[in-house]
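please find the sequence and the predicted model below.
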Number of protein chains: 2
Amino acid sequence: MNPKLQCLRNKMSSLNLQGMIITNPVNIKYLTRIEAEGVLLITRKENIYITDGRYIEELHSVLTLYDEVIVYDAKDLSIDDYENFFMFCENVGFEENHVTYSQYKEFIRKYKINNFVETEQIIEKERLIKDEEEIESIIKACKITDECFSYIIKQIKPGVTEKQIAKKIKNYYEEHAEGESFDTIVASGENSSKPHAVPTDRVIQQKDIITIDMGCKINGYCSDMTRTIFVGEVLPEVKPIYDLVLKNQEQTLKEYKEGANTRLLTKMVENDFKINGQNLIHALGHGVGLEIHEAPYITYRNDCLLKENMVVTSEPGIYIAGRFGVRIEDTIQITKFGCINLTKSTKDYEVI
Amino acid sequence: MNPKLQCLRNKMSSLNLQGMIITNPVNIKYLTRIEAEGVLLITRKENIYITDGRYIEELHSVLTLYDEVIVYDAKDLSIDDYENFFMFCENVGFEENHVTYSQYKEFIRKYKINNFVETEQIIEKERLIKDEEEIESIIKACKITDECFSYIIKQIKPGVTEKQIAKKIKNYYEEHAEGESFDTIVASGENSSKPHAVPTDRVIQQKDIITIDMGCKINGYCSDMTRTIFVGEVLPEVKPIYDLVLKNQEQTLKEYKEGANTRLLTKMVENDFKINGQNLIHALGHGVGLEIHEAPYITYRNDCLLKENMVVTSEPGIYIAGRFGVRIEDTIQITKFGCINLTKSTKDYEVI
């Protein structure tokens, strides 16, 4: 059996969980590489994926014998088949965050489940720690992001619009990777003061500050990087803000390691910002994997410890309403005694 | 109050429903034009949208006083506020297909709801019948789709790939509309035998048959059209299949009107296909609106009647495994005594 499914089975057995219905498509992809519409059943003896005719052919090219996943076309299953899957299970787990209330009722009826129990994100917890293959994919996605950044700064000049820059980044990722991992942010001038700006038709001008938040996917795994760059010159009022953000971003890289506390890391940046009359108005970072935002969340609200082979971001930012903003972000692999910065584009003043 | 919210309140009152929590983002958009992350509450006296800081500013430009929707930032709401919203409601409805099991439990706890009841898609049922403004948006989306089709057939020649054609359609829609309403299908040669083909790097050749399934969005409303075209010539084995599909597609346009039965319409095409040794392997059509696929579904499994100002597709297709396929689809407005075909691109043999 593939190691991720085996690992889930071990976890289930330690929780005395006898069966499980998996509905979160990201978790199904994580466990089996399957990207389709369907449901994964972990029964006492078998791993079963139920889908429809559209996907059957494709699935046979994704799955190997080694996966030990049996694929069924839903239309070939009888009422009895459904009732038999969990026949001897005293309990069956489900993903309470990825089952609608209707599905919940339907599953109980269809599979004749007596004891249907919440599983509190057991698979998401497995996904926190990346294995070698996952990290390799993220490293590749980060490398392509660095290359895209080198490419795009040569394309930016007064006269082009935010939308045009974002489109070029998107095209680059479609050509060199599996596309964007999220909608690219290109926020120039006063637009850069909005942390979640959407690219507009604003034309890049001399003396502009531009925040670019970008990432791509490789084998389904994401990269995430933000750089704030300058057109022509760095304005004097921007320098101290940029320096403050950068100082803190680099400080976090020194602190990110196994055992570091997500709340304290955030507090550290918040405090230094406050001392300097600024505020951290969003999270310091988040996990990166099959999803662009996943656990662990690095905020003052989350009190947990970083562990070896988590992949997370550090992205402090300062936003001066109506004027400008600065955010600097890397994707980072946590190690036992420190961390490895996977996005390597320069963080010095980049003046184009 | 805006008429769509008023209409929902009338419906709720006829069902003796005293409050409702709306979580389906498409339904929220339908009722309020809001596109954000949040929850819409219909309380005894007020319409309340709860969101977060990211969207507040934008919402004030979308909503008017006339909408009578009060917007709250979730972080400004206390435990008491939540408990007060439905204080005097004997029951509160929810959207059982758009609430996770976790949310379901959370809502009951947070809003202190005693009697939380399923609402069986009451808003989706309102959305079945389009008003003038909605139909106008769909008409525009269909017109741009016709224009895009005229544009694209001039771009197709031997040597270009399916992916390149799909990309040009996507770009056209991004420039002239709000982008694609779904991933464009361009399926050439033997690929056209797959109803859900994804564009590949296959190069267009002389004598190819090409199925193009395309649509865009205007004001959030979709268009949907399929044409099957030919490169150089129409092969003799293809002609009878094309003629059979077209004959049936045109026959449905004669039958589509208020009172027509979705099951019988499908049976009519199925029977004629069978008489000619072929099969209809998918639905005959579906509703089109804010979603590209929505109710009413026109299949033998759905026994309902078409009504004035429903907007639906008719898309019979025949697929000869491993050889070729033909599908012809229009977006159609149902009227009292007939229908109006909103996609007007030619259905004669289009040889390029």
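Nice, I can see it. Keep in mind that what you see is a predicted model, and the values were worked out from it rather than measured. Residues are numbered from 1 along each chain as shown, chains lettered A, B, ... in the order given.

pretty sure A:Val99 contacts A:Ile108?
No - with contact defined as C-beta atoms under 8 Å, A:Val99 does not count as touching A:Ile108 (10.6 Å). Every residue, glycine included, has its C-beta placed from N, CA and C.

now whatever residue of the stretch 251-352 of chain A ends up closest to chain B. Nearest residue, chain neighbours left out?
Going by C-beta to the nearest C-beta, chain B is nearest to A:Ile281 of the stretch 251-352 of chain A, at 8.5 Å. Nearest non-adjacent residue to A:Ile281, counting by C-beta to C-beta, 6 or more residues apart in numbering or on different chains: A:Tyr319, 6.5 Å away.

and the one you found, what helix or strand is that in?
Using DSSP states H and E, A:Tyr319 sits within strand A:317-320.

that older thread, comparing A:Val99 and A:Ile108, which shows the higher neighbour count?
Using other C-beta atoms under 10 Å in any protein chain shown as the criterion, A:Val99 and A:Ile108 rank with A:Val99 on top: 24 against 15.

ok, the more buried one - contacts?
A:Ile21, A:Thr23, A:Phe107, B:Thr100, B:Tyr101 (C-beta atoms under 8 Å, 6 or more residues apart in numbering or on different chains).

can you redo these as a markdown table with distance to B:Lys274, secondary structure and pLDDT?
Below are the contacts of A:Val99 laid out as a markdown table (distance: C-beta to C-beta, whole Å; DSSP: H, G, I helix; E, B strand; the rest coil; pLDDT from 0 to 100):
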| residue | distance to B:Lys274 | secondary structure | pLDDT |
| --- | --- | --- | --- |
| A:Ile21 | 38 | strand | 98 |
| A:Thr23 | 37 | coil | 98 |
| A:Phe107 | 36 | helix | 98 |
| B:Thr100 | 43 | strand | 97 |
| B:Tyr101 | 43 | helix | 98 |
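
picking up where we left off before, need the pLDDT of the residue nearest to A:Ile281.
The score at A:Tyr319 is 95. That number is its pLDDT.

again, but for the one 5 residues further on
If you check A:Phe324, the pLDDT there is 96.

what about it, how many neighbours?
A:Phe324 has 25 neighbouring residues, counting by other C-beta under 10 Å.

repeat for A:Phe116
20.

any idea how far it lies from A:Met214?
Computed with C-beta to C-beta, to the nearest Å, the distance linking A:Phe116 and A:Met214 is 42 Å.

quick one: residues contacting the residue nearest to the spatial centre of chain A.
Nearest residue to the geometric centre of chain A (C-alpha atoms, centre = their mean): A:Ile292, 2.2 Å. A:Ile292 makes contact with A:Ser181, A:Phe182, A:Gly215, A:Cys222, A:Asp224, according to C-beta under 8 Å, 6+ apart.

assign a three-state SS to it, would you?
coil (DSSP: H, G, I helix; E, B strand; the rest coil).

what residues does the stretch 101-250 of chain A have near chain B?
Within the stretch 101-250 of chain A, the positions lying close to chain B (C-beta under 8 Å from any C-beta of the partner chain) are A:Tyr101, A:Ser102, A:Tyr104, A:Lys105, A:Glu118, A:His196.

and those residues, which two are furthest apart?
Using C-beta to C-beta, the two most remote members of those are A:Lys105 and A:His196, lying 36.2 Å apart.
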